[in-house]
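starting from these lines, generate the structure:
(3 chains)
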Amino acid sequence: MADLSAAYLGLSAALFAIGALGLIRRRNPLVMIMCVELMLNAVNLTFVTFGNMLNDAAGQAIVFFVLVVAAAEVVVGLGIIVALARRKPGLSADDMNVLRG
Amino acid sequence: MAVNYVVFFICALICLLGATGVVFSRNPVHAALSLVATLFGIAVLFVQQSAHFLAAVQVIVYTGAIVVLILFVMMLLGVDQEEDIDEEPLLGVRAAGTIVATILLLGLLAVFFLQSNRSTLVTGERSVTAPLSVDASLDSTKGVAETAGPDNMATLGRLLFTRYVFAFEVTAALLTIAVVGAVVLARRPDRLQPVPDEPESMDDDFMAALESEAGH
Amino acid sequence: MLRLTWLIPALPLLGFVLLALFGKRLGNPFAGWVGTFFATGSFVAAVLVFAGLYQAGGERNFEQHLFTWLPAGDFSVDIGFLVDPLSATMILFVTGIAALIHLYSIGYMHHDENFPKFFAYLNLFVFSMLMLVLGNNLLLTFLGWEGVGACSYFLISFWFQKEANASAGKKAFITNRVGDWGFMVAIFVVFLKFGSLNYSVILPAAGGLARTTATFIAVMLFVGACGKSAQIPLYIWLPDAMAGPTPVSALIHAATMVTAGVYLMVRCNAFIAASAEWVSWLIAAVGCLTAFVAAMVGTSQYDIKKVLAYSTVSQLGYMFLAVGSGAYVAAIFHMITHAFFKACLFLGSGSVIHGMGDEQDMRFMGRLQRFLPITSATFIVAWLAIAGVPPFSGFWSKDEILEFAYLKSPILGFLGLVTALITAYYMTRQVTMVFWAPARWGEHAVREEVALAPAAVVAAGEGEEADAEAAAAAEVPAGEVVTLVNGLPVEGHEAVVDPHFHPHESGPEMTIPLIVLAVLAVFGGFLNLPFTHGTEFLASWLEPAVRLGYPGGLEPEGPSPLLKVLFAAMSTLVAAAGIAYARSVFKDGDRAKAARFEPALLQDAWRYDRAVTAFMGGPGRRIFDGLAWFDRTVVDGAVNGTGVLIRSVGRGARRIQSGYVRSYALGVAVGAVVVVVLMAVRVLSF
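Model (predicted):
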């Protein structure tokens, strides 16, 4: 499994990078949330892989918590988007730029 | 074993294609569906690494709840219009983003692979929490590999409710707060001034359409 | 009795406050009596303190602390008074003469509408002067120094409604300020070196200073003294200061304020002793030169007060000559006798002016001895004193200075002797023109009316303005009539020329001080007769104050008895010569003959004022503009520039906060990249 572990890590690195790229590029808030989910999943994969490499179940426990927090975060994020999008139908992340210097 | 490699390869491909789909789809619904594909791929990879419980949770919670929630909101708010992703109003974000992501990827790969002593560096020292196999305070002396199958759940459960019980309770409280927050946020305000060209209710068009249809 | 010291400055201060607050209500002449009362009270206190010090014997050094004025960490300055022989001597004659002049002013300023204000200022002045003299540290002396400068400004411009008087006040203040800069720098350096400004600390320790430091301090103090005591090149304010009322001229510009510089030099003699050789030479040379130059100018002035002003500058030069020659006692001695006879002369001239209906031009006076008997008697006594006729006081003090100057350098002694000759000459000129020459006022004026043809107008006009006159001459109608009195145009002097005009003697408030001062001028010399050590009261009295002033701690050889006799003879001869010569030229009132002895250059005071104006207006102005530009652009620019810089940096940095979530996300990603790269580098370097 050692070789594959390396591949797992590489895959998660790639997923993370793609997620970061998507977060920066996309304007649609929902798609941005999806990119965040993508990054979180990449991290989950990394944790599980490490847990496997080290023969430690803590990696999976951490993923559990990540999952829970991601769920909570999505709930609140979507609530915000709903509250905002009611006023402006064609919502985009760029529209919310009032808090600037 | 060859099967592992093949499985990994296929799943990796699915994940990457899904990720690319999320980022580059014009239609947000297509993006959501690509995300589902990625999540499934990752679930399979979890199974391959003896994290059966997590794989199940991933499918049920992540794919089954979170992505569905996103799709609901998309439909509710009508945000399913195609986003114009060719145009980029902010200067240089596209290029900078690409560069940054590339460097991030390369950096991470470098960290993972370019070391002299593979066994120690990537993962640093032995992890802080010793594996269950050597922990005397816990019943099971089985490591991860030995706990494949239903024992995996038991091990995880034991961990969660003994060693990490505090974090567990805290995340439970977090969930509760999140639910309350979501309810508050999504409440329809009564005395709010509507935006001039915004309909009073999203239902109005629908109801009007229904009435006009009923009238015909 | 020494504990009464604080009363000495406190009484005039109280007087000032009372007069400032209630002066108008007290009115004329009660305000004057109040002011005089406080000044006299101060004098009485000074006498008691002097007696106390005399009785105390021993070191004759008493300090009284009132309270701490400036506590600043390690450095603290208190309000404290130092009573030692030097300050005791000074307070005596300062308060005494001030009291007399207060009395005099009651009569002189009788018709002035700002009568109470005058006395308020006078009291404030006395307070400042006493703080200057009694202060036990350099900062208190400086406080008094600035105070007298400010009061001098107030009093010179007392009649500020006339432009010339206001300008004179400004000139005095500004010129003083230049000197004050030197004083301040000296204070800073003293503080730097000693950490304290108290005389009891710095003077004994001055001997231990490095030579260059002591030189610097001494020179800076001398710069300050030059400004206050009107030496070259900062004497220009004193003649102009005659624009103030005559009592002011007598008090401030003859007896007290201008002696502050000499006092400072004598007080800080320890620094002079510790400094390089050339410092004392510098002081002596400047003093001698000033004495000579000013005396020359005094020979050609027509204003009765201007003569006395230049005379003051000249006598101050003598005092600095004494300081430079190491004869501190002689300087103080001359200061005292000068205070007596110069105050008497000024007050006398004030009486003359008062009696002549505010006429100040000597060419329109004459024969006044008959009409102003007391004034003329006291004036003549003072004249004899300043001319150096034995046994009047001026003879003794001036002689002592000349002897010490000669011992320092024969050139200085000789120049001093020549100056004494000129002094005798111009003072006799003044006395003759005012009191003995044929009268030119009232019915005695020889009046003639001259019809001038246009051509004659051109000829009679000033030589330099001939071209302008030629152009204007065409407008002058032929046969214009001009009144001349004894060959002089009358314009501005009509009151005096009026046939019914009669000069009158002044009242007792004015004549009593004159008499007192005249008596002092006669007998003042007995303070320090040079016959034996026993008669040199002043020298032995002042010894503790001046003993630190001798380089190497050795008191230099005084003049030998032979030298004393020689100089006594020479000064008497010189005085007699001057008197005789002046009498011969001026006694019959022949203007044509006299005019030959009053060259235009000297009338214009060596054109020095004009040179200063030209410099200040021309290159001076450019320098000042340059400095102002520097201050505006570089100094202010640096300060404002800091603000501007921060603002512009802020404005630029603000743009990072664009408000766009995505750019923030990009920032976070960049941060993450940095961390990863760091990790990678660590990993790779393993």
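
how far away is C:I106 from chain B?
Using Cβ to the nearest Cβ, to the nearest Å, C:I106 is found at 86 Å from chain B. From N, CA and C alone the C-beta is placed, and that goes for glycine too.

also C:M365?
According to Cβ to the nearest Cβ, C:M365 stands 94 Å off from chain B.

likewise for C:F38?
80 Å.

and for C:M356?
Per Cβ to the nearest Cβ, C:M356 is found 92 Å from chain B.

ok, A:A7 next?
6 Å.

pretty sure that residue contacts B:F8?
Yes: contact criterion Cβ atoms under 8 Å: A:A7 and B:F8 qualify, at 6.3 Å.

more crowded one of these two?
Set A:A7 next to B:F8 and count neighbours by other Cβ atoms under 10 Å in any protein chain shown: B:F8 wins out with 19 against 16.

for that one, give me the pLDDT.
Each residue has a pLDDT score; the one for B:F8 is 92.

so the closest residue to it other than its chain neighbours is in which element?
Nearest residue to B:F8 in three dimensions, chain neighbours excluded: A:L4, at 5.9 Å (Cβ to Cβ, 6 or more residues apart in numbering or on different chains). Assigned by DSSP states H and E, A:L4 belongs to helix A:2-25.

run the chain-centre distance for that helix.
Centre-to-centre, helix A:2-25 and its host chain are 12 Å apart (Cα atoms, centre = their mean, to the nearest Å).

now it: buried residues?
In terms of neighbour count (16 or more other Cβ atoms under 10 Å in any protein chain shown), helix A:2-25 has its buried residues at A:4-25.

got the residues of chain A near chain C?
Within chain A, the positions near chain C by Cβ under 8 Å from any Cβ of the partner chain are A:20, A:23-25, A:27, A:32, A:93-94, A:96-101.

restricted to buried residues, select those in PyMOL.
Buried residues among these (16+ other Cβ under 10 Å), as a PyMOL selection:
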select buried, chain A and resi 20+23+24+25+27+32+93+94
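
out of the residues of chain A next to chain C, which one has the weakest pLDDT?
Comparing the residues of chain A next to chain C by pLDDT, A:G101 comes last, at 66.

now do the helices in chain B.
For chain B, helices defined by DSSP state H occupy the ranges B:2-24, B:28-48, B:52-57, B:68-77, B:93-113, B:118-121, B:150-158, B:165-186, B:202-215.

tell me the buried residues in the host helix or strand of C:A214?
Per DSSP H and E, C:A214 falls inside helix C:211-228. Neighbour counts over helix C:211-228 (16+ other Cβ under 10 Å) mark C:213-228 as buried.

mind checking the longest helix of the chain?
Since you didn't name a chain, this refers to chain A. Under DSSP H, chain A gives helix A:58-85 as its longest helix.

nope, chain C please
The longest helix of chain C (DSSP H) is helix C:163-194.

angle of that one against helix C:211-228?
Going by axes from the mean of the first three to the mean of the last three Cα atoms, to 10 degrees, helix C:163-194 is angled at 160 degrees with respect to helix C:211-228.

distance from the chain centre to helix C:163-194, please.
Offset of helix C:163-194 from its chain centre (Cα atoms, centre = their mean): 12 Å.

what packs against that helix?
With contacts defined as 3 or more Cβ pairs under 8 Å, 6 or more residues apart in numbering or on different chains; DSSP states H and E, helix C:163-194 has these neighbours: helix C:138-156, helix C:199-205, helix C:211-228, helix C:237-240.

contacts for the last one next, please.
If I follow you right, that is helix C:237-240. Applying Cβ atoms under 8 Å, 6 or more residues apart in numbering or on different chains, the set of residues contacting helix C:237-240 from outside is C:167-168, C:171-172, C:174-176, C:230, C:253, C:258, C:306, C:309-310, C:312-313, C:605.

one more: the second one?
Contacting residues not belonging to helix C:199-205 are listed as C:61, C:63, C:82, C:136-138, C:190, C:194, C:196, C:267-268, C:270, C:548 [Cβ under 8 Å, 6+ apart].

mind listing what's buried in that helix?
C:Y199, C:I202, C:L203.

in TSV, list these along with pLDDT.
Formatted as TSV, the buried residues of helix C:199-205 follow (pLDDT from 0 to 100):
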residue	pLDDT
C:Y199	89
C:I202	88
C:L203	87
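
what is the nearest of those residues to chain B?
The shortest approach to chain B among the buried residues of helix C:199-205 belongs to C:I202, at 69.7 Å (Cβ to the nearest Cβ).

so how far is chain A from the closest one?
Taking Cβ to the nearest Cβ, one finds C:I202 at 58 Å from chain A.

can you tell if stretch A:28-42 touches chain B?
Yes: counting by Cβ under 8 Å from any Cβ, chain B has neighbours in stretch A:28-42: A:N28, A:P29, A:L30, A:V31, A:I33, A:M34, A:C35, A:E37, A:L38, A:N41.

which residues of the chain score low on pLDDT?
If you meant another chain, say so; for now it's chain A. Applying pLDDT under 70 to chain A flags the ranges A:1-3, A:101.

can you look at chain B instead?
In the predicted model, chain B carries pLDDT under 70 at residues B:1, B:79-91, B:114-150, B:190-216.

give the next helix or strand downstream of whichever helix or strand C:F292 is part of.
Element membership for C:F292, per DSSP H and E: helix C:277-298. Using DSSP H and E, the helix or strand that follows helix C:277-298 towards the C-terminus is helix C:304-324.

what separates whatever helix or strand comes next after that next one from the chain centre, distance-wise?
Once helix C:304-324 ends, the next helix or strand along the chain (criterion: DSSP H and E) is helix C:328-355. A distance of 13 Å separates the centroid of the chain from that of helix C:328-355, by Cα atoms, centre = their mean.

helix C:328-355 packs against which elements?
Using 3+ Cβ pairs under 8 Å, 6+ apart, the elements in contact with helix C:328-355 are helix C:85-108, helix C:246-250, helix C:260-267, helix C:304-324, helix C:373-387, helix C:393-408, helix C:508-523, helix C:537-546.

those helices: which one's closest to C:Y121?
With Cβ to Cβ as the measure, helix C:246-250 is the member of the helices and strands packed on helix C:328-355 nearest C:Y121 (8.5 Å).

most surrounded residue in the contacts of helix C:237-240?
C:A230 (31 neighbours).

would a markdown table of the contacts of helix C:199-205 with neighbour count and pLDDT be doable?
Formatted as a markdown table, the contacts of helix C:199-205 follow (neighbours: other Cβ atoms under 10 Å in any protein chain shown; pLDDT from 0 to 100):
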| residue | neighbour count | pLDDT |
| --- | --- | --- |
| C:N61 | 16 | 78 |
| C:E63 | 16 | 81 |
| C:L82 | 24 | 89 |
| C:N136 | 25 | 89 |
| C:N137 | 24 | 90 |
| C:L138 | 26 | 92 |
| C:V190 | 25 | 92 |
| C:F194 | 17 | 88 |
| C:S196 | 18 | 85 |
| C:R267 | 26 | 91 |
| C:C268 | 25 | 90 |
| C:A270 | 23 | 88 |
| C:L548 | 18 | 78 |
